[in-house]
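> Here you go, sequence then predicted model.
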Amino acid sequence: ILWPSILDKVEIGFAYKPFKWSNSAKANAGVTCVIISLRNKLNNPKYLFFDGTKNKVDNINAYLLNSSNIFIIKRTIPLSNIPDIKYGSFALDDGNFTLSNSERNEILSYYPNAEVYIKRFLGSRELLNGIDRYCIWLKESDNISKIIPIEERVKKVKEWRSKSSRTNTKKLSHTPKVFAEIRHRNADYLAFPTISSERRIYLPIELLKSNTIASNQLYQVINCETSHFSIFSSLMHNIWMKSIGGKLKTDYRYSSSLCYNTFPFPKISEARKEELTTSTFRILEERERHSEKTLAQLYDPDKMPNGLREAHHLNDLAVERCYRSKPFESDEERLEYLFKLYEKMIQEEKDADTLFQKEKKTKKRKKKDV
């Protein structure tokens, strides 16, 4: 919203890329700063300052990159040839469908037949920290009259929804056995945490089985191939997320419309796809060697096992070969390449007169379904 208007009139003469601000106060605020010089459009040199170095550049865009003035626009469908991504399911239940491990075990100790109605239930916190959490997962047609604790929880959901001031929530009291928004499919899927620490080199994603329910605190890619794990576990994808995604305090907030759907990835051969699949299994095998550790522990940059670090390095090389044969020398070079590819892919959509056409069709289809 802001920067297209600014850079239409002036330019960035020099800029210091993000750095942590600190002072002598006892409790420093967690503040990240940039310094940006705006000036009339001139032919004078432009400079980017980063990690103590001064770099002469051709242009400084709104992402503080040596690139043209590109603006990444939110999309509802992917720019690249990758599957759709969606939030997990949303309960709207006042917590009644959610079970801790002890609550689950207590119900099953008295009602072993209730196991078919209890599923593993993960959000970002549970995925990253290995926390056991479960949910009651029902169809409206399920007969639970003989499973008293589940029936009581369904009654509480019905009562809570019926007392809501929101019309749509009141309507949901007529179907109290089911989640408000069900996005689960009977298929394995790739899970993305919605929040990830700024310290991590890689986004800790996971391949989950169909019997695990993703909450709305996870993104899920259902129609995925094994090679997609490799792509989105890569440094290329992580620096894209860090560059254009939002933040919660200093942590990165993943966005389907900004980070995933805009990610530029080229069309690749079957041979390249097989190479990425091999990389995926290599990473998963290294994780399995440290199965006692959580994803948060495995992807702590100070504690990451050497074998896993090496598996990711090899994966980075495989992913980067999908873009070009020559290895990238820095994150700056990676980002500049990604921005140029994004610009090229958007231009190809414009030339084919398909820019956002698929999105319009998708919206029409959704309205028709409603």
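On my side now, so go ahead. Residues are numbered from 1 along each chain as shown.
> Just the residues contacting the helix or strand Val34 falls within, thanks.
Using DSSP states H and E, Val34 sits in strand 31-39. By Cβ atoms under 8 Å, 6 or more residues apart in numbering, the residues outside strand 31-39 that reach it are 6, 10-21, 49, 64, 250. The C-beta positions use only the backbone N, C-alpha and C, and glycine is treated the same way.
> Can you name the next helix or strand after it?
Downstream of strand 31-39 (by DSSP H and E), the next one is strand 46-50.
> Using CSV, write out every CA atom in the next helix or strand after that following strand.
Using DSSP H and E, the next helix or strand after strand 46-50 towards the C-terminus is strand 53-57. Taking Å, rounded to 0.1, in the frame of the first residue of the first chain, the C-alpha atoms of strand 53-57 are listed here in CSV:
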residue,chain,number,x,y,z
THR,A,53,29.9,-3.5,4.2
LYS,A,54,29.1,-0.7,1.7
ASN,A,55,27.8,-1.9,-1.7
LYS,A,56,27.3,0.3,-4.7
VAL,A,57,24.1,-0.9,-6.5
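> List the buried residues in strand 53-57.
Burial within strand 53-57, assessed by neighbour count using 16 or more other Cβ atoms under 10 Å, is assigned to Val57.
> For it, which helices and strands make contact with it?
strand 46-50 (3 or more Cβ pairs under 8 Å, 6 or more residues apart in numbering; DSSP states H and E).
> Strand partners (parallel or antiparallel) of the strand it packs on?
Here strand 46-50 is paired, per DSSP bridges, with strand 11-21 (parallel), strand 53-57 (antiparallel).
> rank these by pLDDT, which is bottom?
Lowest mean pLDDT within the strands paired with strand 46-50: strand 11-21, a mean of 91.
> just how off-centre is it within its chain?
26 Å (Cα atoms, centre = their mean, to the nearest Å).
> so where is the stretch 201-350 of the chain shaky, pLDDT-wise?
Within the stretch 201-350 of the chain, the ranges that satisfy pLDDT under 70 run 249-250.
> go again using 90 as the cut-off
223, 243-253, 332 (pLDDT under 90).
> rewinding a little: neighbouring strands for the strand holding Val34, and are they parallel or not?
strand 11-21 (antiparallel).
> In PDB, could you pull the C-alpha coordinates for the strand it pairs with?
Coordinates of the C-alpha atoms in strand 11-21 are reproduced here as PDB (Å, rounded to 0.1, in the frame of the first residue of the first chain):
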ATOM      1  CA  GLU A  11      13.900   6.900  -4.800                       C
ATOM      2  CA  ILE A  12      16.000   5.300  -2.100                       C
ATOM      3  CA  GLY A  13      19.500   6.800  -2.200                       C
ATOM      4  CA  PHE A  14      21.100   4.500   0.500                       C
ATOM      5  CA  ALA A  15      19.800   2.100   3.000                       C
ATOM      6  CA  TYR A  16      21.000   0.000   6.000                       C
ATOM      7  CA  LYS A  17      19.500  -3.400   5.900                       C
ATOM      8  CA  PRO A  18      17.800  -4.800   9.000                       C
ATOM      9  CA  PHE A  19      19.900  -4.800  12.200                       C
ATOM     10  CA  LYS A  20      19.100  -5.400  15.900                       C
ATOM     11  CA  TRP A  21      18.800  -2.100  17.900                       C
END
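> That strand: which residues count as buried?
11-17.
> Same check on stretch 58-77?
Result for stretch 58-77 [16+ other Cβ under 10 Å]: buried residues 60-67, 72, 75.
> Helices - which of those land there?
Assigned to helices by DSSP state H, none of the buried residues of stretch 58-77 qualify.
> How many residues are close by Asp26?
One thing to correct before we go on: residue 26 is Lys, not Asp. 4 (other Cβ atoms under 10 Å).
> Ok, Arg289 next?
Arg289, neighbours per other Cβ under 10 Å, totals 12.
> Can you tell me, leaving aside adjacent residues, what's nearest to it?
Gly307 (6.4 Å; Cβ to Cβ, 6 or more residues apart in numbering).
> tell me the secondary structure for the one you found?
helix (DSSP: H, G, I helix; E, B strand; the rest coil).
> Also Phe263?
Phe263 ends up coil, using three-state DSSP.
> what about it, neighbour count?
Neighbours around Phe263, by other Cβ under 10 Å: 23.
> same thing with Leu122?
For Leu122, using other Cβ under 10 Å, the count is 25.
> you'd agree the residue nearest to Arg289 is up against Glu288?
No: under the criterion of Cβ atoms under 8 Å, Gly307 makes no contact with Glu288, lying 10.6 Å away.
> Contact partners for Leu128?
193, 204, 294-296.
> Go ahead and list the helix or strand containing it.
Short version, using DSSP H and E: Leu128 is in helix 124-129.
> Determine how far the strand holding Val34 lies from the middle of the whole chain.
The mean C-alpha position of strand 31-39 is separated from the chain mean by 27 Å, Cα atoms, centre = their mean.
> cool, and stretch 277-289?
A distance of 20 Å separates the centroid of the chain from that of stretch 277-289, by Cα atoms, centre = their mean.
> List the buried residues in that stretch.
Buried-residue list, stretch 277-289, by 16+ other Cβ under 10 Å: 277, 279-280, 282-283, 286-287.
> neighbouring contacts of that stretch?
Against stretch 277-289 from outside (Cβ under 8 Å, 6+ apart): 207, 225-227, 229-230, 233, 298, 305, 307-308, 310-312, 314-315, 318-319.
> and if we set it to 7 Å?
The contact list for stretch 277-289, computed with Cβ atoms under 7 Å, 6 or more residues apart in numbering, reads 226-227, 229-230, 233, 298, 305, 307-308, 311-312, 314-315, 318.
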